[in-house]
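# Provided below are the primary sequence and the corresponding predicted coordinates.
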Amino acid sequence: MKDTTDTATEAAADATKAAADATSSASPSTSASSSTSADDCEAATDDVSGVDNKVAVADDPWYLSASSLTLKSADYQGIVTVKTADGKTKKVLKYVISGGTDIGDLHQTVKDKTIGKTYHVQAASGSTSTIRGGTTTMYTESISGNLFGLIPITFDVDNPPPLNIPLIYFTNVKVVQAAQFGGTLHVPGMHLYTTDGTG
């Protein structure tokens, strides 16, 4: 893992200047739906007795699979503790995104273990879903894929990002998300459906 992380660090450092240029060109767009304001999220803290979120996150995470994921003007704020609706706490990675998010071929799932169903939100094939309209706070359990389209890597609380860079780009990405607040998500050709099982 160290070799992979070192390679990622070098690639990230090389990309920092280009990333800064790229993020400045992001433009806002209209939206179909909105989520809780990022203003409800406190600053990151290393105090294990405190929690970072004012609004409780769901007991179980949701999942994102995508052909690509671009986080613009991203600020990785470290490992924080969040509180779930059932009163438990868990550690997650905190990202604050102020320049918008692009998601290629979005496929989001939520697993309902109580009835053995999985709920799907899927964008049209070949489309790019967007999050715009303000700052987005992501509480991420894990994110894996090809960093900068090249380096297979997984970031989680045991293997956090080695650098804080303004542009994060993954291909073939999978995200386990504890919660996401702020911004407005637009999903082209959105298709909603349910399947049996949670595997």
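Sure thing, it's come through. Please read all numbers here as calculations on a predicted model, not as lab measurements.
# I'd like to check what contacts stretch 61-69. Which residues are they?
101-111, 141, 143, 145, 149, 168-178 (C-beta atoms under 8 Å, 6 or more residues apart in numbering). Any C-beta I mention is one placed from the backbone N, CA and C, and that applies to glycine too.
# ok, of these, which come out buried?
Buried by 16 or more other C-beta atoms under 10 Å: 101-108, 111, 141, 143, 145, 168-171, 173-175, 177-178, out of the contacts of stretch 61-69.
# where does this structure have low pLDDT?
Counting by pLDDT under 70, the low-confidence segments of the chain come to 1-49.
# For this structure, just list every one of the strands.
Ranges of strands in the chain, per DSSP state E, are 33-34, 62-72, 74-83, 89-97, 101-104, 107-112, 117-122, 128-132, 136-147, 151-156, 167-181, 184-186, 191-196.
# among the ones you listed, which is nearest residue 50?
Go through the strands of the chain one by one with C-beta to C-beta and the one that ends up closest to residue 50 is strand 74-83, at 6.8 Å.
# before we move on, back to that, with distance to residue 55 as added columns, please give the strands of the chain in CSV.
Listed next are the strands of the chain as CSV, based on distance: least, C-beta to C-beta, whole Å:
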stretch, distance to residue 55
strand 33-34, 14
strand 62-72, 15
strand 74-83, 9
strand 89-97, 14
strand 101-104, 19
strand 107-112, 17
strand 117-122, 21
strand 128-132, 18
strand 136-147, 10
strand 151-156, 23
strand 167-181, 7
strand 184-186, 17
strand 191-196, 24
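# do you know which of those strands lies nearest residue 51?
Judged by C-beta to C-beta, the one of the strands of the chain that comes nearest to residue 51 is strand 74-83, at 4.4 Å.
# Who are the packing partners of that closest one?
Contacting strand 74-83 under the criterion 3 or more C-beta pairs under 8 Å, 6 or more residues apart in numbering; DSSP states H and E are the following elements: strand 89-97, strand 167-181.
# now those strands as JSON lines including distance to residue 72?
Written out in JSON lines, the entries for the helices and strands packed on strand 74-83 read as follows (distance: least, C-beta to C-beta, whole Å):
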{"stretch": "strand 89-97", "distance to residue 72": "7"}
{"stretch": "strand 167-181", "distance to residue 72": "6"}
